[in-house]
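[1] test case, fold it:
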Amino acid sequence: MNELFAGRAPRRAAVLLSILIFVITILFAAPAMAQKSAQPQNPLVPAPKKVSEAQPTPAPAPPAEMTAADVGAFLDGLVPLQLQRNNIAGAVVVVVKDGKVLFAKGYGYADVEKKKPVSDSDTLFRVGSISKLFTWTAVMQLQEEGKLNLDRDINDYLDFKIPEKFGKPITVRDLMTHTPGFEEQIKDLFTTDPKKMIPLGEYLKTHTPGEIFAPGTVPAYSNYGAALAGYIVQRVSGEKFEDYVARHIFQPLGMAHSSFVQPLPPDLKPLMSQGYELGSGKPKPFELVPAAPAGALSTSGEDIARFIIAQLQNGEYDGQRILQPQTVALMHSRQAGLSPALNAMALGFYEESRNGHRIIGHGGDTMWFHSDLHLVQDQNLGFFISSNSAGKGDVSLRTMVWQKFLDRYDPYQPPAAKAPATKMADAKAVCGNYIPSRRLQTNFLWLGSLLGEMTVKANPDGTIENGSKQFNGEPKKYEEIGPLVYRATGGQEMLAFVHGPGGRLTVAIDFPAMAFQRASWYQGKNFTLVLLIGCAAVFLLTLIFWIVGGLVRWHYGRKLEMEPGPRRLRAWTRVVCIVDLAALGTWVGTLAYGIGDITRLTPALDKWFHLAQLLTMAGVVLTLVALAEAVCAWTSSRWWWSRVWETLIALAGIAFVWLAIYGHLWSWNVRY
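    Predicted coordinates:
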């Protein structure tokens, strides 16, 4: 900070510096304050499905009769309005009751430009992770035939080895309950170029994620795990995965408009709906998924209805059986959950119970398509909805339609519950930051994963909040209804705080395929953001002062009064700032480019990540220069503000080193 004052420039130079500091402080403080208030979700780590609650009513309305006419009138009044409000091009809704299709209809457009309407019978939608239900069904077929053992080491079925990092093998059951212990994996998750498609086996061998939990202990949703299960189906059956599903599931059920083949076969390609970011925007290219068993299915509303009926009718549809009743019962049974009070995983399906019913199902998302499938077994009821646009995202179309459908035909008032006497102490005890179990931890996206944390805070009345909102945008509050078990005030969504591996306090949520683990102080996003913004601000201000100081001295014909050795050391310290800023800028720029369209997260970006890693390595080493300059400043006769600022540069360098090492920014690893 001594650049302006070396040579004792006149008072107006000092005034110029004060103005400059004020402006830059505002520029840096404003984003930090906005970050604190907005608490954005980390776009790298997909969040669990948020189930928003409608405003509570004093008492539930009497149920409407679930007839085709009433369902049609109800959905016709609800869905088109929500498509318009959320800027979504089109959707399909299917309701199955008592083994028959009660209602099926397409809304909006499959192709906006051509004004091609959505058809429930032959418009294809990408259903994302609902594809996994077909993968799990295939697994259960092979288990039923005695060709697969759910509790056997998966390495027995593979032609490559998954290491036993925790001394315990991963089983097929672990894959089906999302407890194999894998971290997230997003590289090559989507592409739009058929030439960049990777064969399933090669993809799995070259994209193996790190293991961060012991198998069977912590739920952490895993696309890789599901793809691995599909590859096991392929190896055990001797058929390509997409061929196996077509032969053993699609054909028996008469699902003629369904395929895992990518790109689509010529006869199905004309039926495929366009995908949109906004319904008013341009259509997007067809999404290709290398991890096909995890999310590559294209299907129609009519076809998915056949699958739903088979699942509800013990594996049978129209005289054709895909699973035996006992196998279906096993597949649908509760398997793994962190709290008995909350939803748990079945085998592939997950519980999403609501309105007094045990409900199992699955959601699915690609970049542009968003779908939900629900089975209310005691009502012999199935519900499917899919939209072909991301939309504005203010309200989840699929969640709102499903919840309002349930509330119309099976209204429900949660039973009253008395809060424990310890509610105030409990609320304070659970306050803190919690990081998602579904995260990237062993690579350079670890710091980004920390930004997806959940912050739990206590209210004066003993309720807690976790950042989720109601349909009307108001914060959702949770009240304690049992020891460390919370329910949304006037609603149904629940949270439970349990002690996970090592006694770590963990938030169990109603989406049982992941959880949130209490973060150490150094893992919190606030600490990470303070270090990141703080060191970047110091580096940037240093360079600005350096340049402005040089211009001021030049203007007044002054020279920097400093010995040659310290002057060179000071200059090299500014080089350190340049290198560190260049490293941070390369990281931010490359990640922003990739995250803006995740089809770009391919090996083509590796050279930019390697450049960022090289700059980071250089910055870590050059931090020694900044430390030496700080020592030199305090052992010389410099102005006090010069000493303080050189110390700040050294501290910023130390912060940079922390981010580099803890965040894996200086490793040569480009698996993520």
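[2] now do the domain split for the chain, please.
    According to automatic domain parsing, the chain comprises the domains 11-38+524-662, 70-409, 423-520.
[3] mean pLDDT lowest where, among those domains?
    Within those, confidence is poorest for domain 11-38+524-662, with a mean of 83 (mean pLDDT).
[4] how many residues are close by A650?
    A650 has 23 neighbours, counted by other Cβ atoms under 10 Å. (Glycine included, C-beta is placed from N, CA and C.)
[5] ok, now which ones touch it?
    Shown in contact with A650 (Cβ atoms under 8 Å, 6 or more residues apart in numbering): 623, 626-627, 629-630.
[6] ok, back up a step: and the domains of the chain as CSV, adding distance to A64?
    Converted to CSV, the domains of the chain look like this (distance: least, Cβ to Cβ, whole Å):
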stretch, distance to A64
domain 11-38+524-662, 40
domain 70-409, 5
domain 423-520, 20
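[7] which of those sits closest to P63?
    domain 70-409 (5.6 Å; Cβ to Cβ).
[8] tell me where the stretch 1-150 of the chain has helices.
    11-38, 68-86, 131-144 (DSSP state H, counting those that start in this stretch).
[9] ok, residues contacting the last one?
    If I follow you right, that is helix 131-144. Contacts for helix 131-144 (Cβ under 8 Å, 6+ apart): 148-150, 172, 176, 226, 229-230, 232-233, 236-237, 241, 244-245, 248-249, 260, 292-297, 307, 311, 322-324, 327, 330-331, 347-349, 362, 364, 373.
[10] report the buried members of those.
    148, 150, 172, 176, 226, 229-230, 232-233, 236-237, 241, 244-245, 248-249, 260, 292-297, 307, 311, 322-323, 327, 330-331, 347-349, 362, 364, 373 (16 or more other Cβ atoms under 10 Å).
[11] these in helices, which ones?
    Among these, the members falling in helices are 172, 176, 226, 229-230, 232-233, 236-237, 241, 244-245, 292-295, 307, 311, 327, 330-331 (criterion: DSSP state H).
[12] if we can go back for a sec, how about the contacts of A650 in CSV, adding distance to N155, secondary structure and neighbour count?
    Below are the contacts of A650 laid out as CSV (distance: Cβ to Cβ, whole Å; DSSP: H, G, I helix; E, B strand; the rest coil; neighbours: other Cβ atoms under 10 Å):
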residue, distance to N155, secondary structure, neighbour count
T623, 43, helix, 23
A626, 48, helix, 29
L627, 48, helix, 19
E629, 53, helix, 23
A630, 53, helix, 21
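[13] what sits against Y434?
    453-456, 505-507, 516-519.
[14] what's across from M514 in the sheet?
    M514 has these beta-bridge partners by DSSP bridges: A220.
[15] now do the strands in the stretch 501-650 of the chain.
    Along the stretch 501-650 of the chain, the segments classed as strands by DSSP state E, counting those that start in this stretch run 505-509, 515-518.
[16] these into JSON lines, with extra columns for distance to R398 and mean neighbour count?
    As requested, the strands of the stretch 501-650 of the chain are exported to JSON lines (distance: least, Cβ to Cβ, whole Å; neighbours: other Cβ atoms under 10 Å):
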{"stretch": "strand 505-509", "distance to R398": "18", "mean neighbour count": "24"}
{"stretch": "strand 515-518", "distance to R398": "23", "mean neighbour count": "24"}
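[17] so for P266, which of these sits nearest?
    Across the strands of the stretch 501-650 of the chain (criterion: Cβ to Cβ), the nearest stretch is strand 505-509, sitting at 43.3 Å.
[18] so what strands line up beside the closest one?
    Assessed with DSSP bridges, strand 505-509 is paired to strand 494-499 (antiparallel), strand 515-518 (antiparallel).
[19] how distant is that strand from the center of its chain?
    17 Å (Cα atoms, centre = their mean, to the nearest Å).
[20] would you mind writing the CA trace of that strand as PDB?
    Below are the C-alpha coordinates for strand 505-509, written out as PDB (Å, rounded to 0.1, in the frame of the first residue of the first chain):
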ATOM      1  CA  LEU A 505     -24.300 -34.900  13.500                       C
ATOM      2  CA  THR A 506     -26.200 -35.500  10.300                       C
ATOM      3  CA  VAL A 507     -29.400 -34.000   8.900                       C
ATOM      4  CA  ALA A 508     -31.600 -36.700   7.500                       C
ATOM      5  CA  ILE A 509     -34.100 -35.300   4.900                       C
END
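[21] G146: neighbouring residues, count only.
    Neighbours around G146, by other Cβ under 10 Å: 7.
[22] any idea how far it is from A346?
    21 Å (Cβ to Cβ, to the nearest Å).
[23] and for I654?
    49 Å.
[24] of these two, which one has the most company?
    Between I654 and A346, counted using other Cβ under 10 Å, A346 has the larger neighbour count: 23 against 15.
[25] so the more buried one makes contact with Q335?
    Yes: at 5.7 Å, A346 counts as touching Q335 under the criterion of Cβ atoms under 8 Å.
[26] quick one: the helices in the stretch 401-550 of the chain?
    Going by DSSP H, counting those that start in this stretch, the stretch 401-550 of the chain shows helices at 423-430, 446-450, 525-556.
[27] pick the most buried one from those.
    helix 446-450 (a mean of 22; mean count of other Cβ atoms under 10 Å).
[28] other residues contacting that helix?
    So helix 446-450 is contacted by 42, 44-45, 184, 435-436, 439-441, 519, 523-525, 528, 532, 591, 659, 662-665 (Cβ under 8 Å, 6+ apart).
[29] buried members of these into ChimeraX, please.
    Buried residues among these (16+ other Cβ under 10 Å), as a ChimeraX selection:
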select :42,44,45,184,435,436,439,440,441,519,523,524,525,528,532,591,659,663,664,665
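[30] what's the spacing between stretch 301-308 and its chain's center?
    With Cα atoms, centre = their mean, you get 27 Å for stretch 301-308.
[31] swap in stretch 612-620?
    That offset, for stretch 612-620, works out to 28 Å (Cα atoms, centre = their mean).
[32] do stretch 106-113 as well
    28 Å.
[33] what residues sit buried inside it?
    Quick answer for stretch 106-113 (16+ other Cβ under 10 Å): 106-112.
[34] redo these as CSV? Include distance to I544.
    Formatted as CSV, the buried residues of stretch 106-113 follow (distance: Cβ to Cβ, whole Å):
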residue, distance to I544
G106, 57
Y107, 55
G108, 52
Y109, 52
A110, 53
D111, 52
V112, 48
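[35] closest one of these to N388?
    A110 (6.9 Å).
[36] just give the closest residue to that closest one, not the sequence neighbours.
    S273 (4.0 Å; Cβ to Cβ, 6 or more residues apart in numbering).
[37] got a list of what that neighbour touches?
    90, 110-111, 118, 123-125, 369, 388.
[38] how does it look with 7 Å?
    90, 110, 118, 123-125, 388 (Cβ atoms under 7 Å, 6 or more residues apart in numbering).
[39] next, give me the two most distant ones among the residues you listed.
    It's G90 and L124 that sit farthest apart of the contacts of S273, by Cβ to Cβ, at 11.8 Å.
[40] surely T179 is in contact with P219?
    Yes: T179 lies in contact with P219 (Cβ atoms under 7 Å); the separation is 5.6 Å.
[41] quick one, phi psi at the residue sitting furthest away from the middle of the chain?
    What lies farthest from the middle of the chain is G557; by Cα atoms, centre = their mean that is 57.0 Å. Torsion angles at G557 (phi, psi; degrees, to the nearest 10) stand at phi 70, psi 30.
[42] if we can go back for a sec, for P62, state which of the contacts of A650 is nearest.
    So of these, ranked by how close each gets to P62 (Cβ to Cβ), first place is T623, at 69.9 Å.
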